[in-house]
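**Q** build me a model from this:
(one chain, ligands or ions: 2)
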Amino acid sequence: HEPKGPRPIKKLSKDVINQIAAAEIIHRPANAIKELLENSLDAGSTSIKITVKEGGLKLLQIADNGHGINKSDLPLLCTRYATSKLSKFSDLERLQTYGFRGEALASVSYCSHVEVVTKTRDDGCGWKAHYQDGVLVPSKPGLTPDPRPTAANDGTVISAEDLFYNNALRKRAFKSPSEEYNRILDVITKYAVHNPHCAWVCKKAGTALPDISTPAASTSRANISLLYGATLANELLELPKTTLDPIERLGARCEGLVSNANSNWARKGGWLLFINHRLVDSSRIKKAVDSLYTAFLPKGASPWVYLSLEIDPSKVDVNVSPTKSEVHFLNEDEMIEAIVAVVQTALAGANVSRSFTVQT
Ligand code: ADP
Ligand code: MG
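**A** Ligands and ions are numbered 1, 2, ... in the order given. From the prediction side, this is the model:
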């Protein structure tokens, strides 16, 4: 029997702390792929190729043509809170990158076996390294953990194998690899619509035909046509480019494509919301825009909406945990009103001609 009364307080070890943090950041393969593709975009990539085995639980591999990683940075690469993107707290107010916390690769290395192959433009060869629980490890017993020279293209290939191999409870929670694969496709699809400058490929390992394939230097509408179908792409209304006064006054710009008031597609609906290029949720923006459509759409139908909102970074709180996708910003009420007004203008513009043709 334990003696009654309080037990002594002890500090958790660094490894336990990091493992808990990793489990909070990487719930499932789709979280890991979002972090990895954001790193590739931060590295200036114009081509991102993703290969997946067993819904990402066996293998997630992402190959980019970005600026690569300096060999001298490889020992720190998977260390928690090690980043090339932020050095002081006030940098958050002018953040231009997705990443800043230096937690993603660390987390992935605490829940999978990570291999990195990277080459910068200035380096004569590439470097291959393996990681476990934040640190470099040998690829085979008996070898040193040092990165090894290897043939490589400019850019970075990161492979995460056996996701959650050390977390039986989490691993058992995934019943269907195909459901996990669909979540991965969903994340990549949305980033491909928002980042059409980059070519995107995603496929299952061992299959010839990719499930996602978009060309470089494309457009959002062309990618929507490839990924969601031409019917939807052709009927989407472009939001007026000129920012409405309230939005401008709030230091924000809004762009996007929305389904029209008679959309067939509207039955299924869909939402792609990017704030400062991050894929986020705002139940308040959704609700406000959805309710604008209820006047037009049949009961139970919902619109398809792609919105890209750029707000002065000093007015959005980006310093939220990576998985907390619901965001808030200053002057939220005014901003939402202004967004609804922009969408309404787009819908009205389309409706004028429609009702005109109906009446004559
Ligand atoms: P963060 O993105 O918050 O900085 P990460 O753990 O995601 O933290 O990445 C750590 C660092 O590794 C990044 O700051 C970046 O310097 C480097 N890095 C990660 N992925 C890539 C990549 N695909 N290409 C080039 N550098 C990368
Ligand atoms: Mg990152």
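**Q** how many other residues sit next to the residue in the stretch 101-250 of the chain that ligand 2 sits nearest to?
**A** The nearest approach of the stretch 101-250 of the chain to ligand 2 comes at residue 104, 4.1 Å away (CB to the ion). The way it works is simple: take the backbone N, C-alpha and C, and place the C-beta from them, glycine included. Look at residue 104: counted by other CB atoms under 10 Å, it has 24 neighbours.
**Q** grab the nearest non-local neighbour of it.
**A** Sequence neighbours aside, residue 35 is the residue nearest to residue 104 in space, at 3.7 Å (criterion: CB to CB, 6 or more residues apart in numbering).
**Q** contact partners for the one you found?
**A** The neighbourhood of residue 35, defined by CB atoms under 8 Å, 6 or more residues apart in numbering, consists of 25, 26, 99, 104, 105, 107, 108, 322.
**Q** name the element the fifth one belongs to?
**A** Using DSSP states H and E, residue 105 maps to helix 104-111.
**Q** any residue of the helix or strand just after that helix up close to ligand 1?
**A** Scanning the chain past helix 104-111 towards its C-terminal end, the next helix or strand to appear is strand 113-119 (assignment: DSSP H and E). No. Taking CB under 6 Å from any ligand atom as the criterion, strand 113-119 and ligand 1 are apart, separated by no less than 6.8 Å.
**Q** now do strand 113-119 and helix 104-111, the angle between them.
**A** 140 degrees (axes from the mean of the first three to the mean of the last three CA atoms, to 10 degrees).
**Q** ok, and what's touching strand 113-119?
**A** 68-69, 74, 77-78, 105, 108, 125-132, 139, 150, 152-162, 165.
**Q** quick one, which of those are buried?
**A** The neighbour count (16 or more other CB atoms under 10 Å) marks 68-69, 74, 77-78, 105, 108, 126-132, 152, 154-160 as buried among the contacts of strand 113-119.
**Q** ok so, going back, narrow the contacts of strand 113-119 to those in helices?
**A** Judged by DSSP state H, helices contain the following of the contacts of strand 113-119: 105, 108.
**Q** which of the contacts of strand 113-119 come close to ligand 1?
**A** Contacts with ligand 1 within those, as defined by CB under 6 Å from any ligand atom: 68, 69, 77, 105, 156.
**Q** make TSV from those and add distance to residue 238 and pLDDT to it.
**A** Supplementary listing: these in TSV, determined by distance: CB to CB, whole Å; pLDDT from 0 to 100:
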residue	distance to residue 238	pLDDT
68	36	98
69	38	98
77	41	97
105	37	97
156	35	98
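**Q** sorry, back to before: ok, now how distant is the residue nearest to residue 104 from ligand 1?
**A** Using CB to the nearest ligand atom, to the nearest Å, one obtains 6 Å as the distance from residue 35 to ligand 1.
**Q** for the host helix or strand of that residue, what does the pLDDT average out to?
**A** When secondary structure is defined using DSSP H and E, the element that contains residue 35 is helix 29-42. In this model, helix 29-42 has a mean pLDDT of 96.
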